[in-house]
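**Student:** fold the following and give me the result.
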Amino acid sequence: MVFPHAIEAVLFDMDGTLLDTERLYVDAWIAAGRAVGYEITEAFCHRMIGKPMQDCETMMIERFGADFPLDACIEACGAFVARASRSGVPLKEGARELVDYLTAMNIPLAIATSSRRPTAEHHLSRCGLLSHFSALVTRDDVLRGKPHPESYLRAARALGKEPRRCLALEDSPTGLRSAAASGAMTIMAPDVLQPSAEERALCLAVVASLRDVLEMLRAHADTQRPLGAIAR
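**Tutor:** Below you'll find the model as predicted:
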């Protein structure tokens, strides 16, 4: 495919894009709800995907009422995730190969995630990817979480790049809207949730995995100007 601008940086969402964690978090919330005596359904969990925790907390209070034991539920969810990820979180298909390729091409990389910084640093460090990223923007670093574009705007700024010259990679509709609103070139590799027709129109492509993104970038580098070349 032809990209509208030279790719000077790549901005990654983390959960569900780089790391195979979305299913883990769905299971964790369902188990946490059960632990505190409430039924948190899979459909409700899907509505929380890609959103910052503050928004998820609001959604749970609105759904279950002011008496919902929010702190206990969050603690139970965190304990479930900690147990399940003790040996590390698996990577999504093609993630390591894509990161290695971009690093070899000297393309700067950043993370734009709705996770807390300690969680992001822990997961990325355990899977050996943290050192590849020059910037890490977490929900601790922004006032407005996804779908607001602040995460991606900050990630691009941290790399010293214009958003329109950055490629953003997302897995969720909420994240897709965030990346597209920042002005970044956006590709979606859906995980749990598929994009609507309206959401598909916001991105350059919808692919099955990051392996497809890698092949697209290799083909682009072979037939067009090299990645990172400044468009004139």
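
**Student:** can you list the domain ranges for this structure.
**Tutor:** The chain breaks down into these structural domains: 9-20+89-223, 22-84 (assignment by automatic domain parsing).

**Student:** if I look at Asp222, how far off is Arg154?
**Tutor:** Taking Cβ to Cβ, to the nearest Å as the criterion, Asp222 is separated from Arg154 by 33 Å. Yep, even glycine has a C-beta here, placed from its N, CA and C like the rest.

**Student:** between these two, point out the one with more neighbours.
**Tutor:** Neighbour totals were compared for Asp222 and Arg154, and Arg154 leads with 19 against 8 (other Cβ atoms under 10 Å).

**Student:** give me the element that one is part of.
**Tutor:** Arg154 is part of helix 150-158, with elements assigned from DSSP states H and E.

**Student:** for stretch 115-131, measure first residue to last.
**Tutor:** Start to finish, the residues bounding stretch 115-131 are 18 Å apart (Cα to Cα, to the nearest Å).

**Student:** contact partners of it?
**Tutor:** The contact list for stretch 115-131 (Cβ atoms under 8 Å, 6 or more residues apart in numbering) reads 14-15, 18-19, 21, 53, 85, 88-89, 91, 95-96, 99, 111, 113, 133, 136, 138-141.

**Student:** same question, stretch 188-199
**Tutor:** Under the criterion Cβ under 8 Å, 6+ apart, residues 16-17, 20, 22-23, 26, 46, 49, 92, 169-173, 176-177, 200, 203, 205-210, 212-213 lie in contact with stretch 188-199.

**Student:** now those: which count as buried?
**Tutor:** The neighbour-count test (16 or more other Cβ atoms under 10 Å) marks 16-17, 20, 22, 26, 49, 92, 169-173, 176-177, 203, 207, 209-210, 212-213 as buried among the contacts of stretch 188-199.

**Student:** now, the residues you listed that are in helices?
**Tutor:** Glu22, Val26, Pro173, Leu176, Arg177, Leu210, Asp212, Val213 (DSSP state H).
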